[in-house]
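Asks: Make a model of this:
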Amino acid sequence: MIPLVTLFVLLVTGGTPAADSTITRVHAQAMTEKLALLEKRAKLGKARRDAPIAVSESEVSSYLNLSRGDEMPKELSDVVVRFQRDRVAARGLLDLDRLRRRAPVPKSLEGLLGFVSGRVPVEVAGRMRMVSVGVGAFSIEEAYLARVPIAPPLMKRLAVWATQSAARPEGYDIQAPFHFPPAVKRVRLEPGRALLD
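Replies: Okay, the predicted model is just below:
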(Lines give C-alpha, C1' and ligand atoms only; values in the text may rest on other atoms or scores of the structure.)
Protein backbone atom coordinates (compact mmCIF):
# COMPACT_ATOMS: atom_id res chain seq x y z
CA MET A 1 0.00 0.00 0.00
CA ILE A 2 1.28 3.49 -0.84
CA PRO A 3 1.58 5.74 2.22
CA LEU A 4 -0.80 8.69 2.36
CA VAL A 5 1.93 11.30 2.02
CA THR A 6 3.13 9.67 -1.21
CA LEU A 7 -0.42 9.62 -2.57
CA PHE A 8 -0.99 13.21 -1.61
CA VAL A 9 2.30 14.23 -3.20
CA LEU A 10 1.23 12.47 -6.36
CA LEU A 11 -1.97 14.48 -6.27
CA VAL A 12 -0.50 17.85 -5.54
CA THR A 13 2.54 17.96 -7.75
CA GLY A 14 2.72 19.75 -11.03
CA GLY A 15 0.84 22.00 -13.48
CA THR A 16 -2.45 21.49 -15.23
CA PRO A 17 -2.84 18.00 -16.68
CA ALA A 18 -5.16 17.19 -19.52
CA ALA A 19 -8.31 15.22 -18.75
CA ASP A 20 -7.75 11.48 -18.54
CA SER A 21 -10.64 9.23 -19.48
CA THR A 22 -8.79 6.00 -18.73
CA ILE A 23 -9.74 5.58 -15.07
CA THR A 24 -10.64 1.91 -14.90
CA ARG A 25 -10.74 -0.92 -12.39
CA VAL A 26 -8.36 -2.84 -14.68
CA HIS A 27 -5.75 -0.06 -14.36
CA ALA A 28 -6.27 0.15 -10.58
CA GLN A 29 -5.80 -3.62 -10.29
CA ALA A 30 -2.66 -3.45 -12.45
CA MET A 31 -1.18 -0.88 -10.06
CA THR A 32 -2.09 -3.03 -7.06
CA GLU A 33 -0.41 -6.04 -8.68
CA LYS A 34 2.74 -4.06 -9.49
CA LEU A 35 3.02 -2.88 -5.89
CA ALA A 36 2.59 -6.50 -4.74
CA LEU A 37 5.35 -7.57 -7.14
CA LEU A 38 7.69 -4.97 -5.67
CA GLU A 39 6.90 -6.23 -2.16
CA LYS A 40 7.52 -9.82 -3.26
CA ARG A 41 10.88 -8.84 -4.76
CA ALA A 42 11.86 -7.09 -1.53
CA LYS A 43 10.91 -10.12 0.60
CA LEU A 44 12.87 -12.45 -1.68
CA GLY A 45 15.88 -10.14 -1.50
CA LYS A 46 16.06 -9.75 -5.27
CA ALA A 47 19.09 -7.86 -6.48
CA ARG A 48 18.48 -4.24 -7.39
CA ARG A 49 19.57 -5.16 -10.91
CA ASP A 50 16.04 -6.42 -11.56
CA ALA A 51 14.30 -4.39 -14.20
CA PRO A 52 12.36 -1.49 -12.73
CA ILE A 53 8.61 -1.73 -12.76
CA ALA A 54 6.94 0.91 -14.91
CA VAL A 55 3.62 2.35 -13.81
CA SER A 56 1.52 4.47 -16.14
CA GLU A 57 -0.35 7.66 -15.46
CA SER A 58 -3.64 5.80 -15.95
CA GLU A 59 -2.64 3.10 -13.44
CA VAL A 60 -1.73 5.64 -10.76
CA SER A 61 -4.82 7.78 -11.46
CA SER A 62 -7.08 4.71 -11.36
CA TYR A 63 -5.46 3.46 -8.15
CA LEU A 64 -5.91 6.84 -6.46
CA ASN A 65 -9.55 7.08 -7.49
CA LEU A 66 -10.68 3.46 -7.06
CA SER A 67 -8.33 1.72 -4.60
CA ARG A 68 -7.64 4.54 -2.19
CA GLY A 69 -8.74 2.77 1.00
CA ASP A 70 -8.78 4.95 4.10
CA GLU A 71 -5.50 6.70 3.33
CA MET A 72 -6.69 9.42 0.95
CA PRO A 73 -8.90 12.22 2.26
CA LYS A 74 -12.49 11.38 1.37
CA GLU A 75 -12.95 15.03 0.36
CA LEU A 76 -10.52 14.50 -2.53
CA SER A 77 -11.83 13.07 -5.82
CA ASP A 78 -11.34 12.95 -9.59
CA VAL A 79 -7.58 12.69 -9.30
CA VAL A 80 -5.66 12.83 -12.59
CA VAL A 81 -1.90 12.32 -12.71
CA ARG A 82 0.65 13.18 -15.40
CA PHE A 83 4.34 12.41 -15.21
CA GLN A 84 7.13 14.60 -16.51
CA ARG A 85 10.87 14.29 -15.96
CA ASP A 86 11.37 14.72 -12.20
CA ARG A 87 7.85 16.17 -11.88
CA VAL A 88 4.35 14.89 -11.39
CA ALA A 89 1.45 16.86 -12.85
CA ALA A 90 -1.81 16.24 -11.06
CA ARG A 91 -5.14 17.72 -10.22
CA GLY A 92 -8.21 16.75 -8.30
CA LEU A 93 -11.38 18.14 -6.80
CA LEU A 94 -11.43 19.09 -3.13
CA ASP A 95 -14.84 19.25 -1.45
CA LEU A 96 -14.34 22.22 0.87
CA ASP A 97 -17.85 22.04 2.35
CA ARG A 98 -17.36 18.40 3.37
CA LEU A 99 -13.89 19.22 4.70
CA ARG A 100 -15.28 22.12 6.75
CA ARG A 101 -17.84 19.73 8.31
CA ARG A 102 -15.03 17.36 9.29
CA ALA A 103 -12.60 19.94 10.69
CA PRO A 104 -12.79 23.66 11.40
CA VAL A 105 -10.92 25.91 8.98
CA PRO A 106 -7.53 26.87 10.47
CA LYS A 107 -7.14 30.60 11.13
CA SER A 108 -4.22 30.70 8.67
CA LEU A 109 -6.60 29.64 5.85
CA GLU A 110 -9.67 31.72 6.73
CA GLY A 111 -8.75 34.52 4.31
CA LEU A 112 -8.03 32.12 1.46
CA LEU A 113 -11.19 30.08 1.96
CA GLY A 114 -13.54 32.92 2.90
CA PHE A 115 -15.08 33.16 -0.57
CA VAL A 116 -14.62 29.61 -1.84
CA SER A 117 -16.98 26.70 -1.25
CA GLY A 118 -18.16 23.47 -2.80
CA ARG A 119 -16.01 21.15 -4.89
CA VAL A 120 -13.09 23.12 -6.30
CA PRO A 121 -10.10 22.12 -8.43
CA VAL A 122 -6.78 21.89 -6.62
CA GLU A 123 -3.45 21.80 -8.46
CA VAL A 124 0.16 22.19 -7.46
CA ALA A 125 3.38 22.34 -9.43
CA GLY A 126 6.55 21.03 -7.97
CA ARG A 127 9.55 18.82 -8.31
CA MET A 128 10.20 15.46 -6.70
CA ARG A 129 13.72 14.38 -5.85
CA MET A 130 15.32 11.44 -4.15
CA VAL A 131 16.85 12.32 -0.77
CA SER A 132 18.28 8.87 -0.07
CA VAL A 133 17.43 5.25 -0.78
CA GLY A 134 13.68 4.89 -0.29
CA VAL A 135 13.18 8.53 0.69
CA GLY A 136 11.85 11.31 -1.52
CA ALA A 137 11.07 14.99 -1.11
CA PHE A 138 8.79 17.42 -2.87
CA SER A 139 9.21 21.15 -3.43
CA ILE A 140 6.16 23.22 -4.26
CA GLU A 141 6.85 25.58 -7.16
CA GLU A 142 3.33 26.87 -7.79
CA ALA A 143 -0.14 26.06 -6.51
CA TYR A 144 -3.76 26.70 -7.49
CA LEU A 145 -7.06 26.50 -5.66
CA ALA A 146 -10.22 27.03 -7.72
CA ARG A 147 -7.87 27.96 -10.59
CA VAL A 148 -6.53 30.93 -8.60
CA PRO A 149 -2.77 30.95 -7.88
CA ILE A 150 -1.91 30.69 -4.19
CA ALA A 151 1.41 30.92 -2.36
CA PRO A 152 3.21 27.62 -1.66
CA PRO A 153 3.00 28.10 2.15
CA LEU A 154 -0.80 28.32 1.85
CA MET A 155 -0.90 25.09 -0.18
CA LYS A 156 1.23 23.43 2.46
CA ARG A 157 -1.28 24.51 5.16
CA LEU A 158 -4.21 23.40 2.99
CA ALA A 159 -2.61 19.95 2.60
CA VAL A 160 -2.07 19.67 6.36
CA TRP A 161 -5.72 20.57 7.01
CA ALA A 162 -7.04 18.16 4.34
CA THR A 163 -4.99 15.24 5.69
CA GLN A 164 -5.72 15.62 9.41
CA SER A 165 -7.37 12.60 10.96
CA ALA A 166 -7.89 10.97 14.33
CA ALA A 167 -4.86 8.79 13.63
CA ARG A 168 -2.76 11.77 12.51
CA PRO A 169 -4.17 15.00 14.00
CA GLU A 170 -1.22 17.06 12.77
CA GLY A 171 -1.86 16.07 9.13
CA TYR A 172 0.93 15.67 6.59
CA ASP A 173 3.59 18.19 5.65
CA ILE A 174 3.89 17.59 1.90
CA GLN A 175 7.29 19.29 1.78
CA ALA A 176 8.88 17.09 4.45
CA PRO A 177 10.94 14.10 3.26
CA PHE A 178 8.76 11.01 2.96
CA HIS A 179 9.35 7.27 2.75
CA PHE A 180 8.21 5.27 -0.23
CA PRO A 181 6.67 1.87 0.46
CA PRO A 182 9.40 -0.40 1.90
CA ALA A 183 9.75 -2.31 -1.38
CA VAL A 184 10.42 0.87 -3.39
CA LYS A 185 14.01 2.09 -3.18
CA ARG A 186 13.94 4.64 -5.99
CA VAL A 187 11.39 6.37 -8.22
CA ARG A 188 12.37 7.86 -11.57
CA LEU A 189 9.84 10.00 -13.37
CA GLU A 190 9.68 10.12 -17.15
CA PRO A 191 7.08 11.55 -19.52
CA GLY A 192 4.03 9.29 -19.23
CA ARG A 193 5.36 6.87 -16.63
CA ALA A 194 7.18 6.32 -13.35
CA LEU A 195 9.86 3.67 -12.93
CA LEU A 196 9.91 1.96 -9.53
CA ASP A 197 13.05 0.13 -8.37
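Asks: Tell me, please, the helix or strand in the chain that averages the lowest pLDDT.
Replies: Every helix and strand of the chain was ranked by mean pLDDT, DSSP states H and E. The lowest is helix 4-11, at a mean of 46.
Asks: what sits up against the longest strand seen in the chain?
Replies: Longest strand in the chain by number of residues (criterion: DSSP state E): strand 119-132. If you take CB atoms under 8 Å, 6 or more residues apart in numbering as the criterion, strand 119-132 is touched by 9, 11-16, 76-77, 86-96, 136-147, 155, 158, 177, 186-187, 189. No exception for glycine: its C-beta is placed from N, CA and C like everyone else's.
Asks: In that strand, which residues are buried?
Replies: Residues of strand 119-132 classed as buried by neighbour count (16 or more other CB atoms under 10 Å): 119-120, 122-128, 130.
Asks: now do stretch 43-57
Replies: Buried residues in stretch 43-57, counted by 16+ other CB under 10 Å: 52-53, 55-57.
Asks: now do stretch 158-170
Replies: Those would be 158-164, for stretch 158-170 by 16+ other CB under 10 Å.
Asks: out of these, which one sits closest to Ala194?
Replies: Closest approach between the buried residues of stretch 158-170 and Ala194, by CB to CB: Ala159, at 20.5 Å.
Asks: Do you know the pLDDT at that closest one?
Replies: Note on Ala159: pLDDT of 91.
Asks: Ile174 too?
Replies: 87.
Asks: Skipping adjacent residues, who's closest to it in space?
Replies: Excluding its sequence neighbours, the residue lying closest to Ile174 (CB to CB, 6 or more residues apart in numbering) is Ala159, at 4.6 Å.
Asks: gap between the one you found and Pro52?
Replies: Taking CB to CB, to the nearest Å as the measure, Ala159 falls 28 Å from Pro52.
Asks: Val160 now?
Replies: Taking CB to CB, one finds Val160 at 32 Å from Pro52.
Asks: try Leu94
Replies: 32 Å.
Asks: Can you show me the strands along this protein?
Replies: Secondary structure of the chain (DSSP E): strands at 53-56, 76-84, 87-95, 119-132, 135-145, 148-150, 178-179, 187-190, 193-196.
Asks: Please tabulate those in TSV, including the columns distance to Arg68 and mean pLDDT.
Replies: Shown next, in TSV, are these (distance: least, CB to CB, whole Å; pLDDT from 0 to 100):
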stretch	distance to Arg68	mean pLDDT
strand 53-56	16	92
strand 76-84	8	88
strand 87-95	11	88
strand 119-132	16	90
strand 135-145	19	90
strand 148-150	25	94
strand 178-179	17	89
strand 187-190	19	91
strand 193-196	18	91
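Asks: Adding distance to Ile23, write the ones you listed out as JSON lines.
Replies: Converted to JSON lines, these look like this (distance: least, CB to CB, whole Å):
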{"stretch": "strand 53-56", "distance to Ile23": "12"}
{"stretch": "strand 76-84", "distance to Ile23": "8"}
{"stretch": "strand 87-95", "distance to Ile23": "12"}
{"stretch": "strand 119-132", "distance to Ile23": "16"}
{"stretch": "strand 135-145", "distance to Ile23": "21"}
{"stretch": "strand 148-150", "distance to Ile23": "26"}
{"stretch": "strand 178-179", "distance to Ile23": "25"}
{"stretch": "strand 187-190", "distance to Ile23": "20"}
{"stretch": "strand 193-196", "distance to Ile23": "17"}
